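S.K.: how would this look folded up:
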Amino acid sequence: MRRTAVLFVILAVALAVAGVMPAFASGEEEGAKSINLYSSGSDNVRISWEAIIAAFAKTNPGFEVKQQYIASGTGTRSDLTKIIAAYNAKQTDIDVDIMADTDDSQLTQIKTQASLDALAKLDAKKMPNMAGVLKQSVVAPDKAIAFRGTAVYIAYNSDKVPNPPKTEKDLHAWIKANPGKFAYNDPGTGGAGSSFVTTTVYNVMPPEALTSPDEKWMAQWDAGLKVLADLHPYLYSASGKVQYTVKNQGSLDLLAAGTIWMCPAWADMTLDQKSRGLLPKSIKLQQIDPPLTGNITLCVIPALSKKSAMAMKFLDYVVTPEAQNILVTVMKAIPVIDNSKLPQATLDLLSGLEVRFRSSTLGALGTKLNERWTKATSNSTGWKNCSRSGSPRC
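M.R.: Numbering: from 1, shown residues only. Below you'll find the predicted structure:
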(Lines give C-alpha, C1' and ligand atoms only; values in the text may rest on other atoms or scores of the structure.)
Protein backbone atom coordinates (compact mmCIF):
# COMPACT_ATOMS: atom_id res chain seq x y z
CA MET A 1 0.00 0.00 0.00
CA ARG A 2 2.85 2.39 0.93
CA ARG A 3 4.61 1.67 -2.38
CA THR A 4 1.41 2.45 -4.31
CA ALA A 5 1.07 5.79 -2.53
CA VAL A 6 4.69 6.70 -3.30
CA LEU A 7 4.22 5.84 -6.98
CA PHE A 8 1.06 7.96 -7.04
CA VAL A 9 2.94 11.00 -5.69
CA ILE A 10 5.81 10.48 -8.15
CA LEU A 11 3.32 10.32 -11.05
CA ALA A 12 1.58 13.49 -9.96
CA VAL A 13 4.87 15.37 -9.64
CA ALA A 14 6.01 14.13 -13.05
CA LEU A 15 2.78 15.30 -14.67
CA ALA A 16 3.05 18.69 -13.00
CA VAL A 17 6.60 19.17 -14.25
CA ALA A 18 5.47 18.24 -17.74
CA GLY A 19 2.69 20.82 -17.52
CA VAL A 20 -0.07 18.20 -17.39
CA MET A 21 -2.21 18.00 -14.29
CA PRO A 22 -4.60 15.12 -13.59
CA ALA A 23 -8.25 16.12 -13.97
CA PHE A 24 -8.88 16.08 -10.22
CA ALA A 25 -5.82 18.12 -9.28
CA SER A 26 -7.29 21.57 -9.92
CA GLY A 27 -10.82 20.96 -8.74
CA GLU A 28 -14.06 19.97 -10.37
CA GLU A 29 -13.79 22.67 -13.07
CA GLU A 30 -11.51 20.28 -14.97
CA GLY A 31 -12.54 17.18 -16.87
CA ALA A 32 -15.55 17.12 -19.19
CA LYS A 33 -16.38 20.64 -20.37
CA SER A 34 -20.15 20.59 -20.23
CA ILE A 35 -22.56 22.97 -18.55
CA ASN A 36 -26.34 23.10 -18.20
CA LEU A 37 -28.04 26.32 -19.26
CA TYR A 38 -31.67 26.58 -18.22
CA SER A 39 -33.71 28.89 -20.45
CA SER A 40 -37.35 29.87 -20.40
CA GLY A 41 -39.79 31.76 -22.58
CA SER A 42 -41.43 31.53 -25.97
CA ASP A 43 -39.92 29.39 -28.68
CA ASN A 44 -37.86 32.26 -30.07
CA VAL A 45 -35.88 32.16 -26.83
CA ARG A 46 -34.96 28.53 -27.41
CA ILE A 47 -33.98 29.22 -31.02
CA SER A 48 -31.81 32.20 -30.02
CA TRP A 49 -29.88 30.19 -27.44
CA GLU A 50 -29.32 27.45 -29.99
CA ALA A 51 -27.78 30.01 -32.35
CA ILE A 52 -25.54 31.51 -29.67
CA ILE A 53 -24.41 28.10 -28.43
CA ALA A 54 -23.56 27.03 -32.00
CA ALA A 55 -21.53 30.20 -32.61
CA PHE A 56 -19.69 29.79 -29.30
CA ALA A 57 -18.84 26.17 -30.11
CA LYS A 58 -16.98 27.20 -33.28
CA THR A 59 -14.21 28.86 -31.28
CA ASN A 60 -14.49 26.65 -28.21
CA PRO A 61 -14.30 23.05 -29.44
CA GLY A 62 -15.01 20.45 -26.79
CA PHE A 63 -16.93 22.95 -24.65
CA GLU A 64 -20.55 21.80 -24.59
CA VAL A 65 -23.46 23.98 -23.47
CA LYS A 66 -26.61 21.92 -22.96
CA GLN A 67 -29.78 23.97 -23.15
CA GLN A 68 -32.56 22.84 -20.79
CA TYR A 69 -35.55 24.69 -22.21
CA ILE A 70 -38.64 25.43 -20.11
CA ALA A 71 -41.54 26.67 -22.26
CA SER A 72 -43.46 29.66 -20.91
CA GLY A 73 -46.83 28.93 -19.40
CA THR A 74 -45.77 25.55 -17.97
CA GLY A 75 -45.80 26.68 -14.37
CA THR A 76 -43.05 27.60 -11.92
CA ARG A 77 -39.54 27.40 -13.33
CA SER A 78 -37.84 24.23 -12.16
CA ASP A 79 -34.41 25.88 -12.12
CA LEU A 80 -35.63 28.64 -9.82
CA THR A 81 -37.17 26.20 -7.37
CA LYS A 82 -34.04 24.01 -7.51
CA ILE A 83 -31.78 26.93 -6.58
CA ILE A 84 -33.97 27.96 -3.65
CA ALA A 85 -34.47 24.38 -2.39
CA ALA A 86 -30.80 23.41 -2.78
CA TYR A 87 -29.61 26.44 -0.81
CA ASN A 88 -32.13 25.96 1.99
CA ALA A 89 -31.30 22.24 2.20
CA LYS A 90 -27.58 23.06 2.40
CA GLN A 91 -26.82 20.87 -0.60
CA THR A 92 -23.29 20.84 -2.01
CA ASP A 93 -24.09 20.56 -5.71
CA ILE A 94 -26.73 21.44 -8.30
CA ASP A 95 -27.20 20.58 -11.96
CA VAL A 96 -28.09 24.19 -12.89
CA ASP A 97 -24.94 25.98 -14.06
CA ILE A 98 -26.69 28.99 -15.61
CA MET A 99 -30.22 30.24 -15.03
CA ALA A 100 -30.93 32.36 -18.09
CA ASP A 101 -33.91 34.54 -19.02
CA THR A 102 -34.53 35.63 -15.47
CA ASP A 103 -35.24 39.09 -14.05
CA ASP A 104 -35.09 41.14 -10.86
CA SER A 105 -38.51 39.86 -9.79
CA GLN A 106 -37.21 36.29 -9.67
CA LEU A 107 -33.97 37.39 -8.02
CA THR A 108 -36.08 39.05 -5.35
CA GLN A 109 -37.83 35.70 -4.91
CA ILE A 110 -34.45 34.01 -4.36
CA LYS A 111 -33.48 36.76 -1.92
CA THR A 112 -36.65 36.45 0.16
CA GLN A 113 -37.12 32.67 0.03
CA ALA A 114 -33.44 31.73 0.34
CA SER A 115 -30.60 34.28 0.06
CA LEU A 116 -28.64 36.05 -2.63
CA ASP A 117 -25.74 33.95 -1.33
CA ALA A 118 -27.37 31.21 -3.40
CA LEU A 119 -25.92 32.99 -6.44
CA ALA A 120 -22.25 33.20 -7.41
CA LYS A 121 -20.54 36.58 -7.60
CA LEU A 122 -19.46 37.29 -11.16
CA ASP A 123 -15.73 37.73 -11.67
CA ALA A 124 -14.88 40.76 -13.84
CA LYS A 125 -11.44 39.28 -14.59
CA LYS A 126 -13.04 36.17 -16.05
CA MET A 127 -15.72 38.25 -17.78
CA PRO A 128 -13.98 41.30 -19.29
CA ASN A 129 -16.85 41.95 -21.73
CA MET A 130 -19.13 42.60 -18.77
CA ALA A 131 -17.63 46.10 -18.57
CA GLY A 132 -19.40 46.99 -21.82
CA VAL A 133 -22.89 46.08 -20.60
CA LEU A 134 -24.95 49.26 -20.20
CA LYS A 135 -27.79 47.83 -18.09
CA GLN A 136 -27.62 46.04 -14.76
CA SER A 137 -29.74 44.34 -12.18
CA VAL A 138 -31.06 46.47 -9.34
CA VAL A 139 -31.39 43.53 -6.95
CA ALA A 140 -28.04 41.80 -7.53
CA PRO A 141 -25.75 43.88 -9.78
CA ASP A 142 -22.67 41.84 -8.83
CA LYS A 143 -24.34 38.46 -9.34
CA ALA A 144 -26.43 38.92 -12.47
CA ILE A 145 -25.53 39.98 -15.99
CA ALA A 146 -27.99 41.62 -18.35
CA PHE A 147 -27.80 40.17 -21.84
CA ARG A 148 -30.87 41.51 -23.65
CA GLY A 149 -33.71 43.92 -23.22
CA THR A 150 -37.35 42.99 -23.54
CA ALA A 151 -40.53 45.03 -23.28
CA VAL A 152 -44.26 44.63 -23.79
CA TYR A 153 -45.97 46.96 -26.26
CA ILE A 154 -49.40 47.27 -27.76
CA ALA A 155 -49.41 45.39 -31.07
CA TYR A 156 -52.08 46.66 -33.44
CA ASN A 157 -53.42 46.28 -36.96
CA SER A 158 -52.58 49.59 -38.62
CA ASP A 159 -55.12 48.92 -41.41
CA LYS A 160 -57.89 48.92 -38.82
CA VAL A 161 -56.35 51.31 -36.28
CA PRO A 162 -54.60 54.17 -38.08
CA ASN A 163 -54.25 56.20 -34.87
CA PRO A 164 -53.47 53.85 -31.96
CA PRO A 165 -53.93 54.94 -28.34
CA LYS A 166 -50.88 56.57 -26.78
CA THR A 167 -51.93 56.58 -23.13
CA GLU A 168 -53.50 54.01 -20.83
CA LYS A 169 -56.62 56.17 -20.52
CA ASP A 170 -56.98 56.31 -24.29
CA LEU A 171 -56.38 52.56 -24.58
CA HIS A 172 -59.14 51.76 -22.12
CA ALA A 173 -61.49 54.11 -23.95
CA TRP A 174 -60.60 52.43 -27.26
CA ILE A 175 -61.29 48.96 -25.84
CA LYS A 176 -64.76 50.03 -24.72
CA ALA A 177 -65.45 51.75 -28.03
CA ASN A 178 -64.39 48.65 -30.01
CA PRO A 179 -65.90 45.67 -28.17
CA GLY A 180 -64.40 42.29 -29.01
CA LYS A 181 -61.35 43.73 -30.77
CA PHE A 182 -58.88 43.61 -27.88
CA ALA A 183 -57.49 40.54 -26.13
CA TYR A 184 -54.80 39.70 -23.63
CA ASN A 185 -53.55 36.30 -22.57
CA ASP A 186 -54.11 34.69 -19.20
CA PRO A 187 -51.24 36.23 -17.17
CA GLY A 188 -50.27 32.84 -15.77
CA THR A 189 -49.50 31.58 -19.28
CA GLY A 190 -47.24 34.34 -20.59
CA GLY A 191 -45.51 37.61 -19.80
CA ALA A 192 -47.45 39.84 -22.20
CA GLY A 193 -50.72 39.27 -20.36
CA SER A 194 -48.93 39.40 -17.03
CA SER A 195 -47.44 42.78 -17.95
CA PHE A 196 -50.86 44.13 -18.92
CA VAL A 197 -52.38 42.98 -15.63
CA THR A 198 -49.45 44.21 -13.53
CA THR A 199 -49.32 47.58 -15.25
CA THR A 200 -53.06 48.15 -14.94
CA VAL A 201 -53.12 47.23 -11.25
CA TYR A 202 -49.99 49.13 -10.25
CA ASN A 203 -50.79 52.28 -12.22
CA VAL A 204 -53.33 53.17 -9.53
CA MET A 205 -50.87 52.48 -6.70
CA PRO A 206 -47.88 54.45 -5.35
CA PRO A 207 -44.90 54.29 -7.76
CA GLU A 208 -42.65 52.62 -5.19
CA ALA A 209 -44.97 49.59 -5.05
CA LEU A 210 -43.81 48.46 -8.50
CA THR A 211 -40.32 47.79 -7.17
CA SER A 212 -41.26 46.18 -3.86
CA PRO A 213 -41.98 42.54 -2.95
CA ASP A 214 -43.62 43.59 0.34
CA GLU A 215 -46.96 41.83 0.77
CA LYS A 216 -48.46 44.97 2.31
CA TRP A 217 -49.18 46.17 -1.25
CA MET A 218 -51.63 43.30 -1.82
CA ALA A 219 -54.22 45.28 0.12
CA GLN A 220 -54.15 47.92 -2.63
CA TRP A 221 -54.73 45.59 -5.59
CA ASP A 222 -58.51 45.90 -5.56
CA ALA A 223 -58.67 49.27 -7.35
CA GLY A 224 -56.61 48.02 -10.30
CA LEU A 225 -58.48 44.71 -10.45
CA LYS A 226 -61.69 46.74 -10.61
CA VAL A 227 -60.30 48.49 -13.71
CA LEU A 228 -59.63 45.10 -15.31
CA ALA A 229 -63.14 43.94 -14.35
CA ASP A 230 -64.60 47.01 -16.03
CA LEU A 231 -62.72 46.15 -19.24
CA HIS A 232 -63.70 42.47 -19.13
CA PRO A 233 -67.08 42.70 -20.96
CA TYR A 234 -65.47 44.50 -23.91
CA LEU A 235 -62.72 41.97 -24.60
CA TYR A 236 -62.55 39.32 -27.32
CA SER A 237 -65.31 36.75 -26.99
CA ALA A 238 -66.20 33.43 -28.57
CA SER A 239 -69.47 31.48 -28.26
CA GLY A 240 -70.91 34.40 -26.35
CA LYS A 241 -68.24 34.39 -23.64
CA VAL A 242 -65.19 36.55 -23.04
CA GLN A 243 -62.05 34.53 -23.71
CA TYR A 244 -58.52 35.10 -22.41
CA THR A 245 -56.00 33.63 -24.80
CA VAL A 246 -53.45 31.00 -23.80
CA LYS A 247 -49.80 32.09 -23.88
CA ASN A 248 -48.39 35.15 -25.61
CA GLN A 249 -48.85 33.48 -28.98
CA GLY A 250 -52.58 33.09 -28.53
CA SER A 251 -53.25 36.82 -28.80
CA LEU A 252 -50.85 37.26 -31.73
CA ASP A 253 -52.62 34.46 -33.60
CA LEU A 254 -55.93 36.30 -33.27
CA LEU A 255 -54.26 39.53 -34.35
CA ALA A 256 -52.72 37.85 -37.40
CA ALA A 257 -56.09 36.41 -38.38
CA GLY A 258 -57.80 39.81 -38.11
CA THR A 259 -60.13 38.54 -35.39
CA ILE A 260 -58.88 41.23 -33.02
CA TRP A 261 -57.19 44.53 -33.84
CA MET A 262 -55.04 45.05 -30.76
CA CYS A 263 -53.29 43.17 -27.93
CA PRO A 264 -50.30 43.45 -25.58
CA ALA A 265 -47.27 41.64 -27.01
CA TRP A 266 -43.54 41.29 -26.54
CA ALA A 267 -41.68 43.58 -28.94
CA ASP A 268 -39.03 41.00 -29.81
CA MET A 269 -41.60 38.29 -30.45
CA THR A 270 -43.69 40.56 -32.67
CA LEU A 271 -40.77 41.87 -34.72
CA ASP A 272 -39.36 38.36 -35.12
CA GLN A 273 -42.64 36.98 -36.44
CA LYS A 274 -43.07 39.93 -38.79
CA SER A 275 -39.61 39.31 -40.24
CA ARG A 276 -40.54 35.68 -40.92
CA GLY A 277 -43.88 36.52 -42.50
CA LEU A 278 -45.87 35.03 -39.63
CA LEU A 279 -47.54 38.37 -38.94
CA PRO A 280 -48.92 40.73 -41.60
CA LYS A 281 -46.92 43.86 -42.44
CA SER A 282 -49.87 45.89 -41.15
CA ILE A 283 -49.04 44.84 -37.57
CA LYS A 284 -47.18 47.60 -35.74
CA LEU A 285 -46.13 48.39 -32.18
CA GLN A 286 -47.07 51.31 -29.96
CA GLN A 287 -45.93 52.02 -26.42
CA ILE A 288 -48.46 53.70 -24.17
CA ASP A 289 -47.91 56.10 -21.30
CA PRO A 290 -47.31 55.00 -18.57
CA PRO A 291 -45.43 52.22 -20.37
CA LEU A 292 -46.31 48.58 -20.02
CA THR A 293 -43.77 46.81 -17.85
CA GLY A 294 -40.74 45.22 -19.46
CA ASN A 295 -37.34 44.19 -18.21
CA ILE A 296 -33.74 43.69 -18.90
CA THR A 297 -33.28 39.95 -19.06
CA LEU A 298 -30.58 38.46 -16.86
CA CYS A 299 -28.41 35.38 -16.40
CA VAL A 300 -27.13 34.13 -13.06
CA ILE A 301 -24.90 31.29 -11.89
CA PRO A 302 -25.93 29.29 -8.79
CA ALA A 303 -23.27 29.33 -6.07
CA LEU A 304 -23.56 25.55 -5.86
CA SER A 305 -22.56 25.04 -9.48
CA LYS A 306 -19.26 23.18 -9.71
CA LYS A 307 -18.61 24.70 -13.13
CA SER A 308 -18.85 28.43 -12.44
CA ALA A 309 -15.63 29.28 -14.31
CA MET A 310 -16.94 27.60 -17.45
CA ALA A 311 -20.32 29.27 -17.00
CA MET A 312 -18.64 32.68 -16.74
CA LYS A 313 -16.62 31.99 -19.87
CA PHE A 314 -19.82 31.35 -21.81
CA LEU A 315 -21.68 34.33 -20.34
CA ASP A 316 -18.76 36.56 -21.22
CA TYR A 317 -19.30 35.54 -24.84
CA VAL A 318 -23.05 36.24 -24.63
CA VAL A 319 -22.39 39.98 -24.22
CA THR A 320 -19.88 40.26 -27.07
CA PRO A 321 -20.90 42.17 -30.20
CA GLU A 322 -21.04 38.85 -32.06
CA ALA A 323 -23.55 37.29 -29.67
CA GLN A 324 -25.55 40.51 -29.30
CA ASN A 325 -25.79 40.65 -33.08
CA ILE A 326 -27.22 37.13 -33.03
CA LEU A 327 -29.83 38.10 -30.44
CA VAL A 328 -31.01 41.10 -32.45
CA THR A 329 -30.97 39.19 -35.74
CA VAL A 330 -32.63 36.00 -34.52
CA MET A 331 -35.16 37.31 -31.98
CA LYS A 332 -35.13 41.12 -32.39
CA ALA A 333 -33.92 41.54 -28.82
CA ILE A 334 -32.90 44.98 -27.58
CA PRO A 335 -29.09 44.94 -27.19
CA VAL A 336 -27.45 45.80 -23.86
CA ILE A 337 -24.15 47.05 -25.30
CA ASP A 338 -23.24 50.24 -27.15
CA ASN A 339 -25.20 50.13 -30.40
CA SER A 340 -22.22 51.51 -32.31
CA LYS A 341 -20.59 48.11 -31.89
CA LEU A 342 -23.31 46.47 -34.00
CA PRO A 343 -23.76 46.61 -37.80
CA GLN A 344 -26.23 49.22 -39.01
CA ALA A 345 -28.12 46.53 -40.91
CA THR A 346 -28.73 44.77 -37.59
CA LEU A 347 -29.91 47.95 -35.87
CA ASP A 348 -32.27 48.61 -38.78
CA LEU A 349 -34.21 45.54 -37.67
CA LEU A 350 -35.28 47.55 -34.61
CA SER A 351 -36.00 50.79 -36.45
CA GLY A 352 -39.14 52.56 -35.36
CA LEU A 353 -39.14 50.86 -31.97
CA GLU A 354 -39.32 53.39 -29.15
CA VAL A 355 -37.34 51.73 -26.37
CA ARG A 356 -38.56 52.57 -22.88
CA PHE A 357 -37.92 50.22 -19.97
CA ARG A 358 -40.25 50.14 -17.01
CA SER A 359 -39.07 47.37 -14.75
CA SER A 360 -41.04 45.70 -12.00
CA THR A 361 -39.47 43.82 -9.10
CA LEU A 362 -42.37 42.19 -7.33
CA GLY A 363 -40.74 38.92 -6.37
CA ALA A 364 -43.32 36.33 -5.37
CA LEU A 365 -46.04 39.00 -5.52
CA GLY A 366 -46.12 38.66 -9.30
CA THR A 367 -47.28 35.06 -9.00
CA LYS A 368 -49.73 35.98 -6.26
CA LEU A 369 -51.23 38.72 -8.43
CA ASN A 370 -51.70 36.28 -11.31
CA GLU A 371 -53.37 33.85 -8.92
CA ARG A 372 -55.65 36.61 -7.64
CA TRP A 373 -56.58 37.47 -11.22
CA THR A 374 -57.34 33.81 -11.99
CA LYS A 375 -59.55 33.52 -8.92
CA ALA A 376 -61.45 36.67 -9.87
CA THR A 377 -62.07 35.61 -13.46
CA SER A 378 -63.07 32.04 -12.63
CA ASN A 379 -65.28 32.84 -9.65
CA SER A 380 -68.96 32.21 -10.37
CA THR A 381 -69.73 35.64 -8.94
CA GLY A 382 -66.75 37.28 -10.59
CA TRP A 383 -65.95 38.85 -13.93
CA LYS A 384 -67.47 36.10 -16.06
CA ASN A 385 -70.91 37.33 -15.05
CA CYS A 386 -70.14 40.86 -16.21
CA SER A 387 -72.05 42.15 -19.21
CA ARG A 388 -71.68 45.20 -21.39
CA SER A 389 -75.04 46.40 -20.12
CA GLY A 390 -73.38 46.93 -16.76
CA SER A 391 -73.60 44.14 -14.23
CA PRO A 392 -73.16 45.27 -10.62
CA ARG A 393 -70.68 42.40 -10.25
CA CYS A 394 -68.26 44.29 -12.53
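S.K.: Name the residues of stretch 89-101 that are buried.
M.R.: Using 16 or more other CB atoms under 10 Å as the test for burial, stretch 89-101 gives 94-101. (Glycine included, C-beta is placed from N, CA and C.)
S.K.: can you redo the residues you listed as CSV with pLDDT and secondary structure?
M.R.: Listed next are these as CSV, based on pLDDT from 0 to 100; DSSP: H, G, I helix; E, B strand; the rest coil:
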residue, pLDDT, secondary structure
Ile94, 97, coil
Asp95, 96, coil
Val96, 98, coil
Asp97, 98, coil
Ile98, 98, strand
Met99, 98, strand
Ala100, 97, strand
Asp101, 95, strand
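S.K.: What is the nearest of those to His232?
M.R.: Set against His232, the nearest of the buried residues of stretch 89-101 by CB to CB is Asp101 (30.5 Å).
S.K.: pretty sure the closest one contacts Ser42?
M.R.: No: counting by CB atoms under 8 Å, Ser42 is not a contact partner of Asp101; they are 10.1 Å apart.
S.K.: what does stretch 172-181 rub up against?
M.R.: 160-161, 164-165, 182, 227, 231, 233-237, 260-262, 388 (CB atoms under 8 Å, 6 or more residues apart in numbering).
S.K.: which of those lies closest to Asn129?
M.R.: Asn129 lies nearest to Pro164 out of the contacts of stretch 172-181, by CB to CB, at 38.0 Å.
S.K.: Give me the distance between the closest residue to the closest one other than its chain neighbours and Asp272.
M.R.: Closest residue to Pro164 apart from its sequence neighbours, by CB to CB, 6 or more residues apart in numbering: Gln286 at 4.3 Å. Noted for Gln286: a distance of 18 Å to Asp272, by CB to CB, to the nearest Å.
S.K.: With Thr92 instead?
M.R.: 41 Å.
S.K.: Who has more neighbours out of Gln286 and Asp272?
M.R.: Between Gln286 and Asp272, counted using other CB atoms under 10 Å, Asp272 has the larger neighbour count: 23 against 17.
S.K.: check contacts around Ile96.
M.R.: Careful, residue 96 is Val and not Ile. So Val96 contacts 36, 38, 79, 82-83, 302, 305 (CB under 8 Å, 6+ apart).
S.K.: follow-up on the earlier one: greatest separation within the contacts of stretch 172-181: which pair is it?
M.R.: For these, the farthest-apart pair by CB to CB is Lys160 and Val227; their separation is 24.4 Å.
S.K.: Are we agreed that Gln91 is in a helix?
M.R.: No: assigned with DSSP: H, G, I helix; E, B strand; the rest coil, Gln91 falls outside any helix and is coil.
S.K.: What score does it have for pLDDT?
M.R.: You'll see Gln91 listed with a pLDDT of 96.
S.K.: What's the separation between it and Asp79?
M.R.: Computed as CB to CB, the Gln91 to Asp79 distance reads 14 Å.
S.K.: same question, Ala333
M.R.: The gap separating Ala333 from Asp79 is 20 Å, by CB to CB.
S.K.: Now the helix or strand where Gln249 lies: buried residues?
M.R.: Per DSSP states H and E: Gln249 is located in helix 247-257. For helix 247-257, burial by neighbour count (16+ other CB under 10 Å) applies to 247-256.
S.K.: Closest one of those residues to Phe314?
M.R.: Closest to Phe314 out of these is Asn248 (27.0 Å), distances taken as CB to CB.
S.K.: Figure out the helix or strand that the closest residue to Thr76 other than its chain neighbours lives in.
M.R.: Setting aside the residues directly before and after it, Thr76 is nearest to Thr367 in space (CB to CB, 6+ apart), at 7.7 Å. Element membership of Thr367, judged by DSSP H and E, is helix 365-378.
S.K.: And the pLDDT at the residue nearest to Thr76?
M.R.: For Thr367, the pLDDT comes out at 87.
S.K.: Walk me through the domains of this protein.
M.R.: Domain segmentation of the chain under automatic domain parsing yields 31-149+295-350, 151-294+362-385.
S.K.: Pull the distance from the last one to the chain's centre.
M.R.: Domain 151-294+362-385 has its C-alpha centroid displaced from the chain centroid by 17 Å (CA atoms, centre = their mean, to the nearest Å).
S.K.: Just the closest of the buried residues of helix 247-257 to Tyr202, please.
M.R.: When these are compared for distance to Tyr202 (CB to CB), Asn248 wins out at 20.0 Å.
S.K.: where do the helices sit along this protein?
M.R.: Applying DSSP state H to the chain gives helices spanning 2-17, 43-59, 78-88, 104-113, 168-177, 191-202, 221-231, 247-257, 267-275, 308-318, 321-331, 344-347, 365-378.
S.K.: Before I go, just wanted to say thanks for your time.
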